[in-house]
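>>> Structure of the sequence below:
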Amino acid sequence: MTGSRNALAALLCLVLCLVPAGCGQAGPFPEGSTMARIRDRGVLVVGIKFDQPMFGYKDPATGRIIGFDAEIARLVARDLTGSERNIRFVETVTRERENFISQGIVDLVIATYSITPARARLVTFTDPYYYAGQDLLIRAGDTRIRGVADLDGRTVCTAIGSTSADRLRAEVSGARLEIVDTYSVCVPALLSGRVDALSTDDTILLGLQAQHPDALRLVGKPFGREPYGIGVRKDDLVFRDHLNGLIARWLAGGEWERAYRDTIGVSGATSESSKPSAR
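Predicted coordinates for the structure are as follows:
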């Protein structure tokens, strides 16, 4: 009799696991909320970059999306659907982030998304989950560029729609900016000598430099501080508040540190300046 009961319990567990969010702790969420809609759908749709090592990168060998932003997204999926595997990543370049959110193409964007007043007029941001500083990536043998002031009269590559371009214009008006869709386009231009530097957030540059360790180097003099937030549909405050609660929980409970260690931390970088304070 005991064996029959055990078999019945195992069968019931299997049936529940076949139902979206049936295995895990998704919900309960307020009726009609974005969280409830995602839970009922059973899949979280995330806008992320595919070309930024250590943050959002599509591994050409496996097709898996890896990096710190990807791990944060998987933590959200685990909370909303019961499993980190219930996730679909949509490539979202810098200039399309607001559009993808407002048009409902994605549920949220986690894509090295700096929080700015201009962007906050179009989308709603969570509290910062990461802090970065802007820096310069140059050719390993270039001794002329020692800091941002040395960019005067030189060509610098960065991405359209990024805060990096705005800060460069403010810091060194004499720099010639080459604005492209994605930072990965800047790398061959830098290697070939067509541009003199690539500028964006230091941890993004660290990932790009790791792909060409003998040819490129980081200047290592960050200027400015960039808070990254999760972007959601404008005025979806219930969803934002729920995500803020998750971020606070990850910071206090060790999930944030584990995500950092397994991605950015592999490079030898430390999290002291990047980790927000737990609230």
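>>> Which pLDDT does the model give the spatially closest residue to Trp256 that is not a sequence neighbour?
Once flanking residues are discounted, Trp256 sits nearest to Trp250: 4.3 Å by CB to CB, 6 or more residues apart in numbering. Glycine gets a C-beta too; all of them are placed from N, C-alpha and C. The per-residue pLDDT reported for Trp250 equals 98.
>>> Which positions within the helix or strand where Trp250 lies qualify as buried?
Element membership of Trp250, judged by DSSP states H and E, is helix 237-253. For helix 237-253, a neighbour-count test (16 or more other CB atoms under 10 Å) marks 238-240, 242-244, 246-248, 250-251 as buried.
>>> That one - contacts with which helices or strands?
The helices and strands touching helix 237-253, judged by 3 or more CB pairs under 8 Å, 6 or more residues apart in numbering; DSSP states H and E, are helix 34-41, helix 68-81, strand 123-125, strand 231-233, helix 255-262.
>>> Tell me which residues are up against the fourth one.
By CB atoms under 8 Å, 6 or more residues apart in numbering, the list of residues contacting strand 231-233 from outside reads 34, 47, 97-98, 101-102, 104, 107-110, 113, 119, 123-126, 239-240, 243.
>>> filter those to the buried ones?
By 16+ other CB under 10 Å, the contacts of strand 231-233 give 34, 47, 97-98, 101, 107-110, 113, 119, 123-126, 239-240, 243 as buried.
>>> Tell me if I am right that Val46 is in a helix.
No. Applying DSSP: H, G, I helix; E, B strand; the rest coil, one finds Val46 to be strand, outside a helix.
>>> bridging residues for it?
Phe89, Leu108 (DSSP bridges).
>>> how far away is it from Leu216?
29 Å (CB to CB, to the nearest Å).
>>> which of those two has more neighbours?
Legend: neighbour count by other CB atoms under 10 Å for Val46 and Leu216, higher for Val46 (26 against 20).
>>> Enumerate the positions of the strand ranked longest in the chain that are buried.
The single longest strand within the chain, with elements called by DSSP state E, is strand 130-139. By 16+ other CB under 10 Å, the buried positions in strand 130-139 come out as 130-132, 134-139.
>>> Tell me where the stretch 151-279 of the chain has helices.
Secondary structure of the stretch 151-279 of the chain (DSSP state H, counting those that start in this stretch): helices at 163-171, 183-192, 202-210, 237-253, 255-262.
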